[in-house]
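Visitor: Fold the stuff below for me.
(one chain, ligands or ions: 2)
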Amino acid sequence: MGESKITIKKPEDIKILREGGKRLSYILGEIAKAVRPGVKQTELNDIAERLIIEGGDKPAFKGYRPYGAKTAFPAALCVSLNDEVVHGIPANQALSEGDLVSLDIGLEHKGLFTDMAITVPVGMIDSAAKKLIDVTKKSLEIGIKEVKDGAKIGNIGYAIEKFVKQYKFGIVRELAGHGVGYAIHEPPYVPNYGKKNSGLTLKEGMVIAIEPMVNEGGDAIYEAEDEWTVKTEDASRSAHFEKTILVTKNGAEVLTPSPL
Ligand code: MF3
Ligand code: CO
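Guide: Ligands and ions are numbered 1, 2, ... in the order given. As a prediction, this is how the structure comes out:
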């Protein structure tokens with residue numbers, strides 16, 4: 001992703017993104033409410049597809065084939081369980097008490113795209129898993145605080161990494177946040193680590209997805225045999241939170257507010 005095609009969203013497009021983000025947040029909240037021991041991953045995806053279609057919108061991930069990918073993503077929702085980091089294909093398999101499940105979803109509303117993710121517990125989880133979720137969620141908020149017109153994009157990753165490191169958790173480096181809006185993935189690249197005052201300068205009207213992926217163990221990841229699911233190398237558990245953010249003069253406007 002070069003920096004040449006970074007887009008500034010027009011006011012009328014921002015209105016559409018705001019509405020799309022609101023819808024997406026509601027839908028992800030409904031999916032999260034359905035999470036419990038015994039529910040199948042495919043049932044969660046069915047809820048996602050149904051609610052998106054009922055709203056007259058399109059699931060942005062279904063049929064999406066990034067450059068270089070051998071297959072298109074087959075579902076509306078990414079479901080990533082425990083040591084799965086991101087991009088899990090919803091399996092015909094029930095969730096179990098104690099699991100950690102990441103839910104990632106994209107919406108196309110009137111031609112404009114929003115992207116968001118949360119990690120939620122299945123029933124009762126252990127305190128280490130709870131800590132992992134809380135730290136990852138907080139790291140996203142800390143990254144968002146760095147966003148404003150004139151700020152350097154490296155400040156986002158710098159702040160996230162600095163926060164997460166205190167807990168001795170791993171941060172995924174091979175995957176990052178991204179520009180979003182006119183497509184599900186646009187430039188620029190928004191890493192979850194970095195140097196203060198480095199990288200491109202954020203401008204009012206840019207829209208980015210910030211999405212820290214935090215591991216209980218080390219940073220390393222690999223791609224599973226299905227060529228989609230990303231897992232931790234050391235089989236430690238992983239959490240992921242993502243929001244779509246508009247850069248404004250005074251800071252960040254969150255286009256996909258927390259659903260829960
Ligand atoms: N939120 C995911 C990301 O930015 C989008 C998944 S694309 C899909 O990486 F193809 F997996 F659906
Ligand atoms: Co994303």
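
Visitor: so what's residue 28 up against?
Guide: Neighbouring residues of residue 28 by CB atoms under 8 Å, 6 or more residues apart in numbering: 103, 105, 116, 118, 256, 259. Any C-beta I mention is one placed from the backbone N, CA and C, and that applies to glycine too.

Visitor: Run through the stretch 151-260 of the chain and note the low-pLDDT ranges.
Guide: Residue ranges of the stretch 151-260 of the chain with pLDDT under 70: none are present.

Visitor: quick one: which of the contacts of residue 28 is nearest residue 31?
Guide: Closest approach between these and residue 31, by CB to CB: residue 103, at 5.7 Å.

Visitor: Give me the buried positions along stretch 9-24.
Guide: Across stretch 9-24, burial judged by 16 or more other CB atoms under 10 Å covers 9, 13, 14, 16, 17, 18, 19, 20, 21, 23, 24.

Visitor: let me fix that: stretch 121-136
Guide: Across stretch 121-136, burial judged by 16+ other CB under 10 Å covers 121, 122, 125, 129, 132, 133, 135, 136.

Visitor: Now the third one: closest residue in space that isn't a chain neighbour?
Guide: Okay, so that is residue 125. Nearest in space to residue 125, with sequence neighbours left out and distances taken as CB to CB, 6 or more residues apart in numbering, is residue 98 at 5.6 Å.

Visitor: dump the residue contacts of the one you found.
Guide: 122, 123, 124, 125, 126, 129.

Visitor: what's the most distant pair in the contacts of residue 28?
Guide: Longest distance between any two of the contacts of residue 28 is 12.6 Å, between 103 and 256; criterion CB to CB.

Visitor: three-state assignment of the residue in the stretch 1-150 of the chain positioned nearest to ligand 2?
Guide: Proximity of the stretch 1-150 of the chain to ligand 2 (CB to the ion) peaks at residue 115, 4.2 Å away. With DSSP: H, G, I helix; E, B strand; the rest coil as the basis, residue 115 sits in strand.

Visitor: surely it meets residue 179?
Guide: No: contact criterion CB atoms under 8 Å: residue 115 and residue 179 do not qualify, at 10.3 Å.

Visitor: The two - which one has more neighbours?
Guide: Per other CB atoms under 10 Å, whichever of residue 115 and residue 179 has more neighbours is residue 115, with 27 against 23.

Visitor: give me the beta-bridge partners of residue 116?
Guide: residue 105 (DSSP bridges).

Visitor: Put the alpha carbons of stretch 104-120 into CSV.
Guide: Provided in CSV are the C-alpha atoms of stretch 104-120 (Å, rounded to 0.1, in the frame of the first residue of the first chain):
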residue,chain,number,x,y,z
ASP,A,104,-14.6,-8.9,12.7
ILE,A,105,-17.1,-7.4,10.3
GLY,A,106,-17.2,-5.0,7.3
LEU,A,107,-20.2,-3.2,5.8
GLU,A,108,-20.8,-1.6,2.5
HIS,A,109,-23.5,1.1,2.9
LYS,A,110,-24.3,3.1,-0.2
GLY,A,111,-21.0,2.2,-1.7
LEU,A,112,-18.9,3.2,1.3
PHE,A,113,-17.1,0.9,3.7
THR,A,114,-16.7,0.6,7.4
ASP,A,115,-14.7,-2.1,9.3
MET,A,116,-14.8,-3.1,13.0
ALA,A,117,-13.9,-5.9,15.4
ILE,A,118,-14.3,-6.9,19.0
THR,A,119,-13.1,-9.8,21.1
VAL,A,120,-15.6,-11.3,23.6
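
Visitor: Thank you kindly, that will do.
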